[in-house]
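Novice: give me the fold of what follows.
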Amino acid sequence: RSQARPRRLPPHQPQSLSPTATPMPLLLSSLLLGLMAAAEPRSAKEWASRTVYQLLTDRFASDGADRCGDNLSVYCGGTFKGIKDRLDYIQGMGFDAIWISPVVANYGDGYHGYWATDLTSVNPNFGTVDDLRSMVDAAHSKGIWVMLDMVVNHMGGTIGDIGGFKPFNDNSHYHGCDSCPSDCNIHDFTSDNEVEQCRLAGLPDLNQENEFVANELIEVYTKWINNSNIDGIRMDTVPEVSPSYWKKFKEGLGDIFIIGEVFNGDSNYCNSHGSNLDSVLSYPMFYTIRDVFQSQQDMTKIWQRLSEYENVFGSKTSVLGTFVDNHDNPRFMSQQGDSKLFLGAILLSLTLDGLPIMYYGSEQYFKGGGDPQCREKLWTSNYNTQSEGYLYVQTVNTARKHLSIWESPVENQYADSNFASFNRGKMLVGLTNVGSNGGNVKRTVTSHPFNVGDTVCNIFYPEKDCVTVSDQGFMFDMNGGESKVFVPQSVAKKLSHQLLHKKLFQQ
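Specialist: A predicted model of the protein is given here:
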């Protein structure tokens with residue numbers, strides 16, 4: 001599984017959109033007369049200090065009535081204003097960046113944003129460009145950066161719909177089918193030529209070799225950057241576009257951070273296709289995390305993968321997007337319902353080398369299966385800030401920030417079949433994959449960041465779970481599948497005062 005190159009399909013095959021159902025686009029150009037100064041570009045090094053909360057605009061927060069009921073294949077009512085009004089919920093977990101889904105006008109039921117019809121207009125289902133900018137400005141006022149999802153590979157609908165698209169409404173703007181299978185779609189995902197030239201599940205494939213297309217994509221997305229004042233970009237379907245164009249595109253957009261989607265479990269493949277971008281999503285580690293925690297496979301796989309990363313990606317490892325769930329895969333808990341295993345996976349993703357990305361709803365233990373079931377409405381949770389998952393993530397993120405662990409390498413790695421530990425600076429992490437019914441796990445590690453005689457405490461129970469370090473090594477004693485994070489006692493006391501909740505600390 002971990003080496004497979006999966007066939008990436010759109011959420012559902014688009015249906016024809018009648019003229020009466022076509023929403024009136026809200027023109028981006030209407031904002032050009034009143035631009036505010038754009039934020040300074042954020043570098044990859046700066047992004048390495050962030051933790052990212054990924055959300056789908058249509059599913060995160062509505063500022064009105066629910067529009068979809070149980071049908072998750074249509075628009076449900078989430079808006080930019082809804083995000084703005086719930087920024088405290090995100091900030092309360094300790095996240096200081098959000099990744100939002102594409103914002104341009106979309107085809108049919110393209111609530112997800114990946115079926116563009118007009119790259120110059122905002123999706124009116126989400127609000128106006130002013131609403132978008134207002135949300136971004138509100139996020140910035142809280143110290144939250146905004147990453148915008150973009151698509152350069154394709155448009156929505158089918159090739160027969162392009163006459164009404166903007167700005168690409170001519171056949172010359174799209175790849176033809178001469179070098180493709182009879183249906184013009186990608187079938188062989190091991191063929192770079194086919195992947196780059198042919199259609200992804202019937203979606204019109206933009207021809208970046210066309211000078212107008214190549215330059216217009218840069219121009220239109222530069223306008224979006226300037227108008228919305230975003231801090232970074234998540235780029236969709238990277239292997240489906242020629243690497244040479246990514247170089248041109250990146251140079252055209254300037255210094256803004258771009259992390260690309262290379263949906264593949266092979267590290268060398270991900271590195272080669274993302275070489276002209278700042279980073280890629282950490283899909284190889286995603287598969288490893290799923291193997292180790294969801295399927296409870298040997299935990300030595302974690303360090304095997306990280307060693308591979310250091311050889312393949314080098315310094316770029318620090319900004320690879322580490323995640324457990326996202327909008328393209330069944331949620332972890334849809335296939336493994338043990339919350340202790342899930343929390344272990346989340347803890348690893350938040351503390352391992354890389355840019356942590358957590359998918360919305362993980363904090364509420366959402367269990368949605370394959371798309372669109374993994375794209376639930378968050379408002380069904382009532383934005384519970386006292387749930388176990390919310391408080392757990394809040395605690396880890398608070399410790400992560402307090403110790404600035406991104407400034408320290410992963411050191412003193414140890415692992416066996418059911419236990420793994422490592423430290424980053426003065427944070428020592430212990431993980432197990434035995435699950436809730438796995439009983440007691442004890443391990444002594446001889447390499448750690450503390451001195452003999454130091455008192456260190458578990459951040460989840462900073463008053464009850466403290467250990468004095470001996471010259472015999474450091475003993476991890478874990479029950480019921482729990483994971484532990486030890487920090488100096490002085491730090492643990494500061495964290496317990498900084499956190500407003502006490503629920504986890506009293507268990």
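Novice: from the chain's centre, how far out does stretch 96-107 sit?
Specialist: The gap between the average C-alpha position of stretch 96-107 and the chain average comes to 12 Å, counting by CA atoms, centre = their mean, to the nearest Å.
Novice: endpoints of that stretch, how far apart?
Specialist: Using CA to CA, to the nearest Å, the end-to-end distance of stretch 96-107 comes out at 32 Å.
Novice: one more: stretch 276-294?
Specialist: One end of stretch 276-294 sits 33 Å from the other (CA to CA).
Novice: ok, stretch 101-112 next?
Specialist: Using CA to CA, one end of stretch 101-112 lies 6 Å from the other.
Novice: quick one: mean pLDDT over that stretch.
Specialist: Confidence for stretch 101-112, expressed as mean pLDDT, is 98.
Novice: which residue is nearest the centroid of the protein?
Specialist: I357 (4.2 Å; CA atoms, centre = their mean).
Novice: so how far is T385 from that one?
Specialist: Look at I357 and T385: by CB to CB, to the nearest Å, they are 21 Å apart. Every C-beta, even on glycine, is put in place using the N, C-alpha and C of the backbone.
Novice: and for the one helix or strand S349 maps to, what's in contact with it?
Specialist: When elements are assigned from DSSP states H and E, S349 belongs to helix 339-351. Helix 339-351 has contacts (CB atoms under 8 Å, 6 or more residues apart in numbering) with 51, 289-290, 292-294, 296, 302, 322-324, 332-333, 336, 356-358, 362, 365, 388-389, 392-393, 396-397, 400, 405, 424, 427, 429, 431-433, 435-436, 480-483, 485.
Novice: and the helices in the stretch 101-250 of the chain?
Specialist: Under the criterion DSSP state H, counting those that start in this stretch, helices of the stretch 101-250 of the chain are mapped to 129-141, 192-197, 211-228, 243-253.
Novice: buried sites along the following helix or strand past the last one?
Specialist: The one in question is helix 243-253. Using DSSP H and E, the helix or strand that follows helix 243-253 towards the C-terminus is strand 257-260. Burial within strand 257-260, assessed by neighbour count using 16 or more other CB atoms under 10 Å, is assigned to F257, I258, I259, G260.
Novice: please apply the same query to stretch 437-453.
Specialist: Neighbour-count burial for stretch 437-453, counted by 16+ other CB under 10 Å, picks out G438, V441, R443, V445, H448, P449, F450.
Novice: in strands, which of those fall?
Specialist: Among the buried residues of stretch 437-453, the residues falling in strands (DSSP state E) are V441, R443, V445.
Novice: save the residues you listed as JSON lines, and put in pLDDT too.
Specialist: Listed next are these as JSON lines, based on pLDDT from 0 to 100:
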{"residue": "V441", "pLDDT": "97"}
{"residue": "R443", "pLDDT": "96"}
{"residue": "V445", "pLDDT": "95"}
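Novice: what subset of the contacts of helix 339-351 is buried?
Specialist: With burial judged by 16+ other CB under 10 Å, the buried subset of the contacts of helix 339-351 is 51, 289-290, 292-294, 296, 302, 322-324, 332-333, 336, 356-358, 362, 365, 388-389, 392-393, 396-397, 400, 405, 424, 427, 429, 431-433, 435, 481-483, 485.
Novice: could you list which of the residues you listed belong to helices?
Specialist: Among the buried ones among the contacts of helix 339-351, the members falling in helices (DSSP state H) are I289, I302, F332, M333, E388, G389, Y392, V393, V396, N397, R400.
Novice: report the contact partners of the nearest residue to the second one once chain neighbours are set aside.
Specialist: Okay, so that is I302. Beyond its immediate neighbours in the sequence, the residue positioned closest to I302 (CB to CB, 6 or more residues apart in numbering) is A420, lying 5.6 Å away. Taking CB under 8 Å, 6+ apart, we find A420 in contact with M299, T300, I302, W303, Q413, Y414, G430, L431, T432.
Novice: I'd say the second one and S417 touch.
Specialist: Same thing as T300. Yes. With contact defined as CB atoms under 8 Å, T300 and S417 form a contacting pair (7.3 Å).
Novice: neighbours around K248, how many?
Specialist: As a burial measure, the neighbour count of K248 was computed by other CB atoms under 10 Å and equals 16.
Novice: next one: the closest residue to it other than its chain neighbours from E251, what distance?
Specialist: Leaving aside its sequence neighbours, K248 sits nearest to A214 (CB to CB, 6+ apart; 6.5 Å). A214 sits 12 Å away from E251 when distances are taken as CB to CB.
Novice: among those two, which residue is more densely surrounded?
Specialist: A count of neighbours by other CB under 10 Å puts A214 above the other of A214 and E251, at 18 against 10.
Novice: contact partners for that one?
Specialist: Taking CB under 8 Å, 6+ apart as the definition of contact, the neighbours of A214 are Q208, Y245, K248.
Novice: tabulate the helices of the stretch 101-250 of the chain in CSV, adding columns for mean pLDDT.
Specialist: Shown next, in CSV, are the helices of the stretch 101-250 of the chain (pLDDT from 0 to 100):
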stretch, mean pLDDT
helix 129-141, 98
helix 192-197, 97
helix 211-228, 97
helix 243-253, 97
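Novice: now tabulate those helices in a markdown table and tack on distance to S470.
Specialist: Formatted as a markdown table, the entries for those read as follows, by distance: least, CB to CB, whole Å:
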| stretch | distance to S470 |
| --- | --- |
| helix 129-141 | 46 |
| helix 192-197 | 56 |
| helix 211-228 | 55 |
| helix 243-253 | 52 |
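Novice: looking at the ones you listed, which is nearest to N271?
Specialist: Between N271 and those, the shortest separation by CB to CB is 11.3 Å, and it involves helix 243-253.
Novice: what does that closest one rub up against?
Specialist: For helix 243-253, the surrounding residues in contact (CB under 8 Å, 6+ apart) are 152, 208-209, 214-215, 217-218, 221-222, 225, 233, 238, 258, 260, 272-273, 275-278.
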